[in-house]
Structure formats: structure tokens, C-alpha cells
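Asker: Structure, please.
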Amino acid sequence: MEDKPRPMTAEEMEAQIRRDMAVTRKRRLTVEDMAREERRAAERMLEKANRAEEIFPGRMRDMRQRAGISQQQLSEITCIEKTTISMYERGNRMPTLHNLMAISAVLQVSVSWLLGEV
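Answerer: Okay, the predicted model is just below:
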């Protein structure tokens, strides 16, 4: 014959409820911690993007001038409109990844350096 589980006593029920509540609180804290960390990561990414927007125009212009290349020549080599090159250097626009790679190749610097990551 199978033994039936005995019913919980009031003390056992109370202990089980306390354990369940502790687990629930722990899960809530974990979710809150995850949300907090995601916010911090987003803030770091935004800071990095803002820094790149500040650093990129000057670095691009300086390296182009050091290479002795005009905006027109850079435009012809990279197939990027001269007006777009000018907007990059004035900080009015940020390049696409494709254009950024083309510019870094012509200027012989890394994309990371152009964006101020190193």
C-alpha cells in the first residue's frame, strides 16, 4: 500500500509561505538588477557614441590633411560625395559603417582610432 503524504501542519505551511515569499523577493531584485545594468550599459553606449561624434570630425580632417589629400580627392577615391565628406568634417553627419571603413582604409588608420576608441 502506498503511503499518503500527511497534511502540513500550520507551522510547516507558514515556513513554506516564507520560503516562497523570499524566492519571489529574490527574483524581483534580480529583475530590477538586470534592468539597472541594462540602463547602465545603454548609458555607456550613448556616452561612447557622443564621444565619437565629438572626436571623429577632427581626426578625419587632420589625417586627410596630413595625407595631403583634398576633400575632392578623398571623395573620388572613396566614392563618397564631396558634400558628404565636408559634412563629416564639420560634424554635421556621421558616416555609415561602409563609408567609415572606406575612409579609414584611405587614411590608413583604424576605424576605432577615428572614432576615438583608442
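Asker: wait, what's in contact with residue 61?
Answerer: By C-beta atoms under 8 Å, 6 or more residues apart in numbering, the residues touching residue 61 are residue 89. All C-beta atoms are positioned from the backbone trio N, CA, C, and that covers glycine.
Asker: which element is it on?
Answerer: According to DSSP states H and E, residue 61 maps onto helix 10-66.
Asker: Name the next helix or strand downstream of that helix, please.
Answerer: helix 71-78.
Asker: Mind listing what's buried along that following helix?
Answerer: By neighbour count on 16 or more other C-beta atoms under 10 Å, the buried set for helix 71-78 is 71, 74, 75, 78.
Asker: which one of those residues sits closest to residue 14?
Answerer: Residue 14 has its nearest neighbour among those in residue 78, at 72.8 Å by C-beta to C-beta.
Asker: show me what contacts that closest one?
Answerer: Taking C-beta under 8 Å, 6+ apart, one finds 85, 99, 102, 103, 106 in contact with residue 78.
Asker: What about those, which are in helices?
Answerer: Mapping the contacts of residue 78 onto helices (DSSP state H) picks out 85, 99, 102, 103, 106.
Asker: Need the residues you listed in CSV (columns: pLDDT, neighbour count and distance to residue 32).
Answerer: Shown next, in CSV, are the ones in helices among the contacts of residue 78 (pLDDT from 0 to 100; neighbours: other C-beta atoms under 10 Å; distance: C-beta to C-beta, whole Å):
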residue, pLDDT, neighbour count, distance to residue 32
85, 98, 24, 47
99, 97, 17, 41
102, 97, 17, 44
103, 98, 23, 43
106, 97, 17, 48
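Asker: Now do residue 111 against residue 103, distance only.
Answerer: 9 Å (C-beta to C-beta, to the nearest Å).
Asker: no, scratch that, I was asking about residue 57
Answerer: 12 Å.
Asker: Kindly report the same for residue 114.
Answerer: Counting by C-beta to C-beta, the gap from residue 114 to residue 103 is 7 Å.
Asker: Which neighbours do the two have in common?
Answerer: Joint contacts of residue 114 and residue 103 (C-beta under 8 Å, 6+ apart) are residue 60.
Asker: Report the central residue of this structure.
Answerer: residue 45 (3.6 Å; C-alpha atoms, centre = their mean).
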